[in-house]
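S.K.: Sequence first, then the predicted structure:
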Amino acid sequence: MRQSILPSRVAAVTQGYADRLVQHWQVLLILCVTVLMRLPYLSIVGHNDLTYFYQRAIAIDEQGLWPIYAQNDGRDFNYPPLYFMALALMNTVWSPSGSLAAVDPTFLHWHKLFQVAADMLLIGITYTWLVHKRRLRWIIPGLLAVFPGMIITSAFWGQTDTLWTLFLVLALIGLNRDHPKIAWIGMTLAVLTKFQAVFVFPLLVILTFRRYGWRTTLIGLGLSLAIFVGVLAPFMLAAGVEPVLRPFTLAVNFFPTTTVWALNLWYGVNPMVWGEKPPLLYDTVSDATLLLGPLTNKQMGLLLLSLYTLLLGLIAWRQYRERREFVWAAALGFGFFMLPTEIHERYLLPAAIFLLVGIAQDWRLWPLALATFFTYSYNVILPTQAPFYFLGINPLFFLGDMTLHVTLFHLFLLIYVTRVAISNPSASTVDWGAFSRPIRAYFKDRMRRPVWLMSGIFVSALAVAVLARIFVPDSLPTDITPLNAQFANGIQLEGYRITQHSNALMVNLYWRALAYHNDDYTVFVHAVQDGATIAQCDGRPQNGAYPTWRWFNNRLVETQCVLNLPENAAPDTLYAGLYDAQMMVNAPLIQNGQPVPSGRAVIGESAP
């Protein structure tokens, strides 16, 4: 009898799952799109961090997993243990019997697949949570599937930010569905993957205590501590306590600078970094610089973050019955990105994802989510080490240098998300108490229109500035000798300036890119006398900090070269051009409408 019942039960369960898949075909389609959007980037080394990851993988392969924090060979091990456990798992799958001796591009692809799997899990979990929202259940996961910034972070860059954001999403869903234990487990796993996830911790404590009482809060803390100690214990036994705790204790001082490519408050208040071409230099301004009396930049940033967290904590304390976990977490994430020093561009990703998911809890997040969808993507494109193409288009080429514009927009978005987070959706304003009601009543009608008017003026002015930056080309300086030299890939040499200093010539060249490409050209200048080259200067633009593939559409690029001439030499002609340093081939050239087989543009005859 049992033999006849068991197959029928299996068939019933299988049929049930099949029916659900048919009913929710959208999630299958979205996951397919997720994979297809990321596959083209798996073979590209989009950032040098991939080399660092591989070095860590080699160290695990050579020394084993548990003693990894005892290594002291120049390779930094500043990631929490959960990441190294994932690396060890990938090592086992990739090379169960062999060893990792050198950088293997195929392993790097496998490493990226792990991050893409995190993307898929996050999108699938989001769909499951939104399954009863007819439209949002496919709109929000669909936007996550094509989110350029998310694609760059995981598939192009190979970073782990989606993974720890996934755990934070689980924690917030656990709070939303009244499963505090799941929330604490998710929070702990997030911190064990990346310590920066701790910004959600105050919200978790407040909502757990207010909704479920002190007993549940203590249970959650105990569960979190048990998982934390359980994961760290074998590493501590093999490497010692201090090295294992280093990713947590030294996380704040690992990059002691105001900003690490993040277009946040500290980029905006440091004009000396505005002129830096992307990728931005992160060691320009130390965060130990005194800012206000005895307060340093770092201390001021931590103070601002503390006050901001306190404000949102008070709101969550008062409104704890409201199901707005993603709204508050998004505001906390935005504040964490904008206010402290030493922040990386990638640390905005959790807030960007929370904003998209949080639309289900507050429709006012729509403009915020879409704006951050753009600004985060732009910010993470800046420090990439290879051209990033999205649907066949190089967005960085067309958008150009908008670092300051995006920074100002981030400041505006911080104010907007704070306003949404502190407002009660069931009331027009926050109830700060009876004593504040007369003041609010007086200013409410008088301030509402001016605030919205000023916001509209600010956004409109910023939009005009951005559009002008994109579509209005740079003009050539008046003291420059114009030139008509067109090289391959739409690169034009539009002018030059030659000045003599004793036995040296300083040559300033002015270039303009009219098309995007992948080539990394080297600029050369030759001084020729009686047909012989007597001096030359070769180099990548701006000492390699601004390669030709990174040049922006219609923006002038100045390169400088010094030619040290032999004594009593008098060059009669100067040539300039571009060449591929790997192939040692000059870029094709057309000057004054005529092809130049040598690829050398004449920039000065009878030079001074």
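M.R.: Structure received.

S.K.: Domains in the chain, by residue range?
M.R.: For the chain, automatic domain parsing gives the domain ranges 25-251, 260-431, 434-471, 481-605.

S.K.: what's the least confident stretch among those domains?
M.R.: Among the domains of the chain, domain 434-471 carries the lowest mean pLDDT, a mean of 59.

S.K.: Please export the C-alpha coordinates of stretch 162-169 as CSV.
M.R.: The C-alpha coordinates for stretch 162-169 follow below in CSV (Å, rounded to 0.1, in the frame of the first residue of the first chain):
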residue,chain,number,x,y,z
THR,A,162,25.9,42.1,-3.5
LEU,A,163,26.6,39.1,-1.2
TRP,A,164,26.5,41.1,2.0
THR,A,165,23.6,43.1,0.7
LEU,A,166,21.8,39.9,0.1
PHE,A,167,22.2,39.0,3.8
LEU,A,168,20.9,42.4,4.8
VAL,A,169,17.9,42.0,2.6
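
S.K.: mind starting the numbering at 17 from now?
M.R.: Yep, numbering from 17; the last one is stretch 178-185 now.

S.K.: Show me which positions of it end up buried.
M.R.: Buried residues in stretch 178-185, counting neighbours by 16 or more other C-beta atoms under 10 Å, are found at 178-185. Where C-beta positions appear, they are placed from N, C-alpha and C, glycine not excepted.

S.K.: same thing with stretch 122-142?
M.R.: 123-132, 134-142.

S.K.: for the spatially closest residue to Ala617 that is not a sequence neighbour, what are its contacts?
M.R.: Residue nearest to Ala617 in three dimensions, not counting chain neighbours: Ala501, with 3.9 Å by C-beta to C-beta, 6 or more residues apart in numbering. By C-beta atoms under 8 Å, 6 or more residues apart in numbering, the contact set of Ala501 is 508-510, 592, 605-607, 617.

S.K.: thinking again about what came up before, if we take the buried residues of stretch 178-185, which one ends up nearest to Pro218?
M.R.: Closest approach to Pro218 among the buried residues of stretch 178-185 (C-beta to C-beta): Leu184, at 13.2 Å.

S.K.: Show me what the helix or strand hosting that closest one is packed up against.
M.R.: Applying DSSP states H and E as the criterion places Leu184 in helix 177-192. Other elements packing on helix 177-192 under the criterion 3 or more C-beta pairs under 8 Å, 6 or more residues apart in numbering; DSSP states H and E are helix 121-145, helix 196-209, helix 217-255, helix 341-354, helix 365-374.

S.K.: helix, strand or coil for Thr575?
M.R.: Three-state assignment for Thr575 (DSSP: H, G, I helix; E, B strand; the rest coil): strand.

S.K.: Count residues in the vicinity of it, would you?
M.R.: When neighbours are counted by other C-beta atoms under 10 Å, Thr575 registers 21.

S.K.: ok, what's across the strand from it?
M.R.: Leu525 (DSSP bridges).

S.K.: check contacts around the closest residue to Ser170 other than its chain neighbours.
M.R.: The spatially closest residue to Ser170, leaving aside those adjacent along the chain, is Gln131, at 3.8 Å (C-beta to C-beta, 6+ apart). Counting by C-beta under 8 Å, 6+ apart, Gln131 touches 169-171, 174-176, 178-179.

S.K.: Make a markdown table out of those and add distance to Val396.
M.R.: Shown next, in a markdown table, are these (distance: C-beta to C-beta, whole Å):
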| residue | distance to Val396 |
| --- | --- |
| Thr169 | 6 |
| Ser170 | 11 |
| Ala171 | 12 |
| Gly174 | 12 |
| Gln175 | 9 |
| Thr176 | 14 |
| Thr178 | 12 |
| Leu179 | 16 |
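
S.K.: any idea which of those residues is closest to Ile155?
M.R.: Thr178 (19.5 Å).

S.K.: does that closest one really touch Phe130, like I thought?
M.R.: No: at 10.2 Å, Thr178 does not count as touching Phe130 under the criterion of C-beta atoms under 8 Å.

S.K.: and Met599, which of the helices and strands packed on helix 177-192 is closest to it?
M.R.: helix 121-145 (20.6 Å).

S.K.: next helix or strand past that closest one?
M.R.: helix 152-161.

S.K.: got the CA positions of that following helix in PDB?
M.R.: Taking Å, rounded to 0.1, in the frame of the first residue of the first chain, the C-alpha atoms of helix 152-161 are listed here in PDB:
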ATOM      1  CA  LEU A 152       6.000  45.300  -8.400                       C
ATOM      2  CA  ARG A 153       6.900  41.600  -8.100                       C
ATOM      3  CA  TRP A 154       8.300  41.800 -11.600                       C
ATOM      4  CA  ILE A 155       9.100  45.500 -12.000                       C
ATOM      5  CA  ILE A 156      11.500  45.700  -9.000                       C
ATOM      6  CA  PRO A 157      13.400  42.400  -9.700                       C
ATOM      7  CA  GLY A 158      13.500  43.300 -13.400                       C
ATOM      8  CA  LEU A 159      15.200  46.600 -12.600                       C
ATOM      9  CA  LEU A 160      17.700  44.800 -10.400                       C
ATOM     10  CA  ALA A 161      18.400  42.400 -13.200                       C
END
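
S.K.: could you check the angle helix 121-145 makes with it?
M.R.: 160 degrees (axes from the mean of the first three to the mean of the last three C-alpha atoms, to 10 degrees).

S.K.: can you map out the helices along the stretch 417-566 of the chain?
M.R.: 419-438, 453-487 (DSSP state H, counting those that start in this stretch).

S.K.: ok, now how distant is Leu355 from Gly309?
M.R.: Remark: distance between Leu355 and Gly309 (C-beta to C-beta, to the nearest Å) = 19 Å.

S.K.: Look at these two and report which has more neighbours.
M.R.: Between Leu355 and Gly309, Leu355 has the larger neighbour count (other C-beta under 10 Å), namely 22 against 5.

S.K.: Show the contacting residues for the more buried one.
M.R.: Leu355 neighbours (C-beta under 8 Å, 6+ apart): 280-281, 317, 320-321, 324.

S.K.: In helices, which of those appear?
M.R.: Among the contacts of Leu355, DSSP state H puts 281, 317, 320-321, 324 in helices.

S.K.: Filter the residues you listed down to the buried ones.
M.R.: Buried among the ones in helices among the contacts of Leu355 (16+ other C-beta under 10 Å): 281, 317, 321, 324.

S.K.: Generate a markdown table for those residues, with distance to Val601 as supplementary columns.
M.R.: Listed next are these as a markdown table, based on distance: C-beta to C-beta, whole Å:
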| residue | distance to Val601 |
| --- | --- |
| Leu281 | 46 |
| Gly317 | 49 |
| Leu321 | 52 |
| Tyr324 | 55 |
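
S.K.: And the strands in the stretch 267-416 of the chain?
M.R.: Counting by DSSP state E, counting those that start in this stretch, the stretch 267-416 of the chain has strands at residues 275-276, 306-308, 311-312, 359-360.

S.K.: Out of those strands, which one sits most buried?
M.R.: Using mean count of other C-beta atoms under 10 Å, the stretch among the strands of the stretch 267-416 of the chain with the largest mean neighbour count is strand 275-276, at a mean of 26.

S.K.: Run the chain-centre distance for that one.
M.R.: Its chain's C-alpha centre and that of strand 275-276 lie 12 Å apart, by C-alpha atoms, centre = their mean, to the nearest Å.

S.K.: what sits up against it?
M.R.: Applying C-beta under 8 Å, 6+ apart, the contact partners of strand 275-276 are 282-283, 286, 289, 296, 298, 301, 357-361.

S.K.: Give me the sheet partners of that strand and which way each runs.
M.R.: strand 359-360 (parallel).

S.K.: I'd like the distance from the partner strand to the chain centre, please.
M.R.: That offset, for strand 359-360, works out to 9 Å (C-alpha atoms, centre = their mean).

S.K.: and if you look at stretch 587-600?
M.R.: With C-alpha atoms, centre = their mean, you get 36 Å for stretch 587-600.

S.K.: ok, now stretch 354-365?
M.R.: Centroid separation for stretch 354-365 versus its chain: 9 Å, with C-alpha atoms, centre = their mean.

S.K.: how about the CA coordinates for it, as CSV?
M.R.: Taking C-alpha atoms only, stretch 354-365 is exported to CSV below (Å, rounded to 0.1, in the frame of the first residue of the first chain):
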residue,chain,number,x,y,z
MET,A,354,27.5,60.3,2.3
LEU,A,355,28.7,61.4,5.8
PRO,A,356,31.8,59.5,7.1
THR,A,357,35.3,59.6,5.6
GLU,A,358,37.1,56.6,4.1
ILE,A,359,34.1,55.5,2.1
HIS,A,360,34.3,53.5,-1.1
GLU,A,361,32.0,54.1,-4.1
ARG,A,362,30.6,50.6,-3.7
TYR,A,363,29.1,51.3,-0.3
LEU,A,364,26.1,53.0,-1.9
LEU,A,365,24.9,49.7,-3.4
